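Engineer: Give me coordinates for this.
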Amino acid sequence: MLPLLLVGVVAVRHRSVLADGFGHLATARWPWLLAAAGATCLTWVAAACTRQGAVVERLPRRRLLATQFAAGAANHLLPTGLGASAVNLRFMTVCGLPLARSSAALALYLLAESVGRLALLIAFPGALRLGALLPDAAVGPLLAVAGAVPVVAAVALALLPRLRGALASFLRTALGEARSVHTRPARALALWGGALAFPALQASALVLVGRSLGLEVPAGHLAVAYLAATVAVALVPTPGGIGSVEAALVVALVAAGGPAAVATAVVLAFRLLTVWLPLLPGALTLAALVRLRVI
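Structural biologist: Residues are numbered from 1 along each chain as shown. Model (predicted):
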């Protein structure tokens with residue numbers, strides 16, 4: 001709850017910018033918004049392809065796609081994507097996969113998704129002025145945290161032999177699952193193709209929303225702004241990225257050269273299309289899947 005409280009404080013302090021952003025929403029051009037909505041719908045297909053590519057067994061296609069739609073609503077219950085992970089873990093175990101293999105498939109999916117985002121981010125070097133997005137004062141603390149995490153993990157593994165054994169067993173299962181998946185070209189294509197398509201489609205939706213509101217920022221810069229913001233927002237564990245995604249995207253779009261008011265309007269419209277409008281039908285789908293014992 002603390003990150004949400006801080007987001008509320010920031011929103012109150014910058015209420016004039018938010019008011020200007022809401023005012024710009026009335027000028028949006030609907031054909032571009034409809035195209036952005038279509039790209040958003042395709043993201044669930046891309047997620048389903050990646051989930052299928054992470055396991056050797058064929059998963060039921062319709063239920064898999066419905067599960068990805070419902071997982072978006074579950075993401076608003078737990079932080080940093082844990083809701084979607086829990087839904088998909090339950091779906092795979094109901095489909096007959098052992099818990100160890102389901103967990104390994106989930107880890108492979110998360111790895112592929114991270115690699116896909118970073119690959120697209122690297123593909124556009126220099127498109128975003130990171131100095132405005134990452135102040136110099138924040139570099140030191142971030143490096144300290146990045147250095148402390150592996151040290152703490154190493155100490156925990158050294159002091160807890162049971163944890164070390166469980167991790168070794170999981171890694172053996174995960175590596176075996178990854179080898180099995182990559183012996184089948186169709187599965188490997190679905191895994192890595194979906195992992196690249198998912199962030200590309202979300203970035204495309206942001207570009208289309210930007211065009212609908214007349215944001216004068218090149219499409220490549222908009223895509224990099226989205227990718228950089230979503231990578232950075234993983235450090236702020238709010239449920240569904242509420243508040244943290246909006247703030248990071250506004251900062252990234254302004255860093256890419258967009259006016260603050262228009263950038264705020266673009267982010268509000270983008271989050272409305274990708275999060276808030278699908279939330280209620282996603283929650284209803286989640287409830288239906290639970291009642292039907294699909295998850």
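Engineer: ok, now which ones touch A178?
Structural biologist: Neighbour list for A178: 104, 108 [criterion: Cβ atoms under 8 Å, 6 or more residues apart in numbering]. Where C-beta positions appear, they are placed from N, C-alpha and C, glycine not excepted.
Engineer: Return the distance of it relative to L59.
Structural biologist: In this view, A178 and L59 are 17 Å apart by Cβ to Cβ, to the nearest Å.
Engineer: same check, this time on A195
Structural biologist: Distance from A195 to L59, counting by Cβ to Cβ: 17 Å.
Engineer: Among these two, which residue is more densely surrounded?
Structural biologist: Higher neighbour count among A195 and L59: A195, with 28 against 19, using other Cβ atoms under 10 Å.
Engineer: and the host helix or strand of the more buried one, what's its mean pLDDT?
Structural biologist: Assigned by DSSP states H and E, A195 falls within helix 185-212. Throughout helix 185-212, pLDDT has a mean value of 92.
Engineer: Make sure A105 is actually in contact with G176.
Structural biologist: No. With contact defined as Cβ atoms under 8 Å, A105 does not count as touching G176 (11.3 Å).
Engineer: These two: who's more crowded?
Structural biologist: Per other Cβ under 10 Å, whichever of A105 and G176 has more neighbours is A105, with 28 against 13.
Engineer: Can you spell out which helices and strands pack onto the helix or strand containing that one?
Structural biologist: Taking DSSP H and E as the criterion, A105 maps to helix 99-122. Here helix 99-122 touches helix 30-53, helix 82-94, helix 161-182, helix 185-212, helix 219-232, going by 3 or more Cβ pairs under 8 Å, 6 or more residues apart in numbering; DSSP states H and E.
Engineer: Any chance of TSV for those, columns distance to L284?
Structural biologist: Listed next are the helices and strands packed on helix 99-122 as TSV, based on distance: least, Cβ to Cβ, whole Å:
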stretch	distance to L284
helix 30-53	15
helix 82-94	14
helix 161-182	33
helix 185-212	23
helix 219-232	26
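Engineer: what's the most buried one of those helices?
Structural biologist: helix 219-232 (a mean of 23; mean count of other Cβ atoms under 10 Å).
Engineer: next SSE after that one?
Structural biologist: helix 244-255.
Engineer: Which parts of stretch 262-275 count as buried, going by neighbours?
Structural biologist: Buried residues in stretch 262-275, counted by 16 or more other Cβ atoms under 10 Å: 262-271, 273-275.
Engineer: and A47, what does it touch?
Structural biologist: Applying Cβ under 8 Å, 6+ apart, the residues contacting A47 are 68, 71, 194, 198.
Engineer: Pick the one among these closest to L120.
Structural biologist: Distance to L120 across these (Cβ to Cβ) is lowest for F198, with 10.1 Å.
Engineer: Isn't that closest one up against G116?
Structural biologist: Yes. Contact criterion Cβ under 8 Å: F198 and G116 qualify, at 6.7 Å.
Engineer: how about the helix holding A105: buried residues?
Structural biologist: Those would be 101-109, 112-113, 116-117, 120-121, for helix 99-122 by 16+ other Cβ under 10 Å.
Engineer: Can you pull out the low-pLDDT segments for this protein?
Structural biologist: Residues of the chain meeting the criterion pLDDT under 70: 1-24, 77-80, 124-147, 149, 232-244.
Engineer: For the residue most central in space within it, give its distance to Q202.
Structural biologist: Geometric centre of the chain, nearest residue: T230, 6.6 Å, by Cα atoms, centre = their mean. Computed as Cβ to Cβ, the T230 to Q202 distance reads 8 Å.
Engineer: Surely H76 is in a strand?
Structural biologist: No. Read with DSSP: H, G, I helix; E, B strand; the rest coil, H76 is coil and lies in no strand.
Engineer: Tell me how many other residues surround it.
Structural biologist: With neighbours defined by other Cβ under 10 Å, the count for H76 comes to 18.
Engineer: L82 is in contact with that one, correct?
Structural biologist: No. The pair H76 / L82 is not scored as a contact, 11.0 Å apart, by Cβ under 8 Å.
Engineer: re earlier: from the chain's centre, how far out does the helix holding A105 sit?
Structural biologist: The chain centroid and the centroid of helix 99-122 are separated by 11 Å under Cα atoms, centre = their mean, to the nearest Å.
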